[in-house]
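Chemist: Provided below for reference: sequence and predicted model.
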Amino acid sequence: MGRQLRDCRGLAELRGWEVREYVDNDLSAFKRGVKRPQFETMLRDLANGVVDGVVVYNLDRLARQPVDLERVIEVYETNPGLTFATLEGDINLASDDGLTMARVMVAFANKASLDTGRRTRRKHRELAEAGQPVGRRTFGWQSDLRTLDPAEAPLARQAVTEVLDGIPLAHVVRRWNDAGVTTTTGNRWSSQTLRKYLQNPRLVGLRTHRGEVLLTPTGEPVHGAWEPLIDGETWERLCLHFEARKLSEPSGARRGARKYLLTGLVRCGVCHGLMFGSKAREDGRFNYVCDRTAQDGHRVAISGHPTDRAALNLTFRRLTLQTEISGPEPWDGEDALREVNEQIAELMRAYDEHELPGRLVFPRVAALEALREKAARDREAWLVATTGPRLAPVSADEWAKLDQVELRARLDATWQAIYVRPVTQRTGRFDPERLDFVERETLTSGAAPQG
Ligand SMILES: [Zn+2]
């Protein structure tokens, strides 16, 4: 661009013209829809008599789209006497022959650039159909795009195994980021990029084109000319895993609600809002937190495990004192739930022993797992609903055998809410005095704080 500009200045000087420069750097005259602000200004100045003519390096620099050229020509036709000069070629827009010539040249240049685009696209398609890898390196492969990378491939395989074992993507991501494992563009990993990566058909050696697995004319997927990272069935399970999670976690809220024993029961002593479980550290410690800092500037938090223990201990003591018996009624879905579990086991056995192919087994298993999830939720709701305010006295042995759902049912039956008072003295130690247990009965008498 520098040389072209210098040459144009030279030509103008030779003819004794004063110059005003219009430069649209980096804006391709080939692309339709690209606005070239300086081109627009130049047209306006020509039409308004601010300048008396144009010096361009060649016609291509001025207009490659016929529509741009027509706009220039229109200005020349309505303003006779405007001059025109180019350094390459003898086009003079101020003459009739020159106009015709210019139109032909622009039409050709425009066609050539369209053809180049079409040729590039066709070439990409051909490479894709031949299974040839193109473009940027994918994590797990070396820069030849074909050979597995000895450092990255094992990491990717480990991630696949872990995710199938139910380890959250975020956990893998944190470990990779901590270890300085980056994406091929040098960025940190996120759960989204990892999920997208693990769903890439390239992992099993399938060639994609424009985001879709490419099929041969007979409908077979095109295999790429590179080493696959994992086998097809593992990848299929992985995709189903993501699919199933999408179905079973419409909002993500339910998962959080089940994760911590007291979620939905612990409330902030300042605003009476629900406190949420917030994982504080890698070692599994967490806090119950009310963070309304944005609204009214308070933040109440309490250490999670000691709070859980305090709540369980108090509940246990309360229950051992009671004598009236009104335990949860048996749930009538137990048989159906057992049957679903047996069906899943049977399908997986048939798959393991090669009696049924994965494409038949996995969709069925996914559907059954959705049923199982629903049954577990129903069971939880039933336990909570049928457990009366007065539970059977329990022995320490019985208490120790209760699972989280059963414990929660007893907590819900005993307490309306557990309020957490803000810290008054920063001792750093857990202070059970901050907990204010509101029993179910006292709530009906109107003694509880308003939530
Ligand atoms: Zn609060």
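Modeler: That came through fine. Numbering: from 1, shown residues only.
Chemist: only C-alpha atoms for contact and neighbour calcs from this point on.
Modeler: Fine.
Chemist: L274 contacts L262, correct?
Modeler: No - in this structure, L274 is not within contact of L262 by C-alpha atoms under 8 Å, at 10.2 Å.
Chemist: of these two, which one has the most company?
Modeler: Between L274 and L262, counted using other C-alpha atoms under 10 Å, L262 has the larger neighbour count: 24 against 21.
Chemist: all helices for the stretch 101-250 of the chain, in order.
Modeler: Here the stretch 101-250 of the chain has its helices, by DSSP state H, counting those that start in this stretch, at 152-164, 169-178, 191-198, 232-248.
Chemist: of the ones you listed, which shows the lowest average pLDDT?
Modeler: Among the helices of the stretch 101-250 of the chain, helix 232-248 has the lowest mean pLDDT, at a mean of 74.
Chemist: for V134, the count of nearby residues, please.
Modeler: 11.
Chemist: any idea how far K123 is from it?
Modeler: 11 Å (C-alpha to C-alpha, to the nearest Å).
Chemist: and V54, by the same measure?
Modeler: Using C-alpha to C-alpha, one gets 39 Å for the distance from V54 to K123.
Chemist: OK, contacts around the residue lying closest to H241 once chain neighbours are set aside?
Modeler: Residue nearest to H241 in three dimensions, not counting chain neighbours: L164, with 7.0 Å by C-alpha to C-alpha, 6 or more residues apart in numbering. Taking C-alpha atoms under 8 Å, 6 or more residues apart in numbering, we find L164 in contact with R237, L238, H241.
Chemist: between those residues, which is nearest the ion?
Modeler: H241 (37.0 Å; C-alpha to the ion).
Chemist: and the residue of the chain nearest the ion?
Modeler: For the chain, C-alpha to the ion, closest residue to the ion: C271, 4.1 Å.
Chemist: residues near that residue, how many?
Modeler: 16.
Chemist: now D115
Modeler: For D115, the count of nearby residues is 12 (other C-alpha under 10 Å).
Chemist: in this structure, which residue is closest to the centre?
Modeler: In the chain, the C-alpha nearest the mean C-alpha coordinate belongs to Q192, at 3.6 Å (C-alpha atoms, centre = their mean).
Chemist: please tell me how far it sits from I167.
Modeler: For Q192, the distance to I167 - C-alpha to C-alpha - is 15 Å.
Chemist: and the stretch 251-400 of the chain, which residues reach the ion?
Modeler: Proximity of the stretch 251-400 of the chain to the ion, by C-alpha under 5 Å from the ion, involves residues C268, V270, C271, C290.
Chemist: of the residues you listed, which is the nearest to H209?
Modeler: C290 (48.4 Å; C-alpha to C-alpha).
Chemist: what about whichever strand or helix holds that closest one, average pLDDT?
Modeler: Assigned by DSSP states H and E, C290 belongs to strand 286-291. Strand 286-291 carries an average pLDDT of 85.
Chemist: can you list contacts of that strand?
Modeler: Here strand 286-291 has contacts from 266-268, 273-280, 298-305, using C-alpha under 8 Å, 6+ apart.
Chemist: go with 6 Å
Modeler: M275, F276, G277, S278, K279, A280, R299, V300, A301, I302, S303, G304 (C-alpha atoms under 6 Å, 6 or more residues apart in numbering).
Chemist: show the pLDDT at the second one.
Modeler: What the model reports for F276 is a pLDDT of 83.
Chemist: do the same with the fifth one
Modeler: In the predicted model, K279 carries a pLDDT score of 78.
Chemist: same check, this time on P228
Modeler: 93.
Chemist: next, count neighbours for it.
Modeler: 21.
Chemist: again, but for the one 5 residues further on
Modeler: The local packing count at E233 equals 14, with neighbours defined by other C-alpha under 10 Å.
Chemist: distance of it from G428?
Modeler: 51 Å.
Chemist: what do you get for Q142?
Modeler: Counting by C-alpha to C-alpha, the gap from Q142 to G428 is 51 Å.
Chemist: what does V55 give?
Modeler: In terms of C-alpha to C-alpha, V55 sits 78 Å off from G428.
Chemist: tell me, how many residues neighbour the spatially closest residue to R188 that is not a sequence neighbour?
Modeler: Excluding the flanking residues, the one nearest R188 by C-alpha to C-alpha, 6+ apart is T182, at 5.2 Å. By other C-alpha under 10 Å, the residues close to T182 number 16.
Chemist: which phi and psi does T182 have?
Modeler: The phi/psi pair for T182 (degrees, to the nearest 10) reads phi -110, psi 170.
Chemist: got the contact list for F437?
Modeler: Per C-alpha under 6 Å, 6+ apart, neighbours of F437: I418.
Chemist: partners of the helix or strand in which it is found in the sheet?
Modeler: F437 is located in strand 435-439, with elements delineated by DSSP H and E. Here strand 435-439 has these sheet partners by DSSP bridges: strand 415-420 (antiparallel).
Chemist: is the ion contacted by the strand it pairs with?
Modeler: No - with C-alpha under 5 Å from the ion as the criterion, the ion is not reached by strand 415-420; the gap is at least 9.1 Å.
Chemist: how far off strand 286-291 does that strand point, in degrees?
Modeler: 80 degrees (axes from the mean of the first three to the mean of the last three C-alpha atoms, to 10 degrees).
Chemist: what mean pLDDT does strand 415-420 get?
Modeler: In this model, strand 415-420 carries a mean pLDDT of 89.
Chemist: with stretch 123-143 instead?
Modeler: The model assigns stretch 123-143 a mean pLDDT of 84.
Chemist: buried set for that stretch?
Modeler: 124-125, 127-129, 131-133, 137-142 (16 or more other C-alpha atoms under 10 Å).
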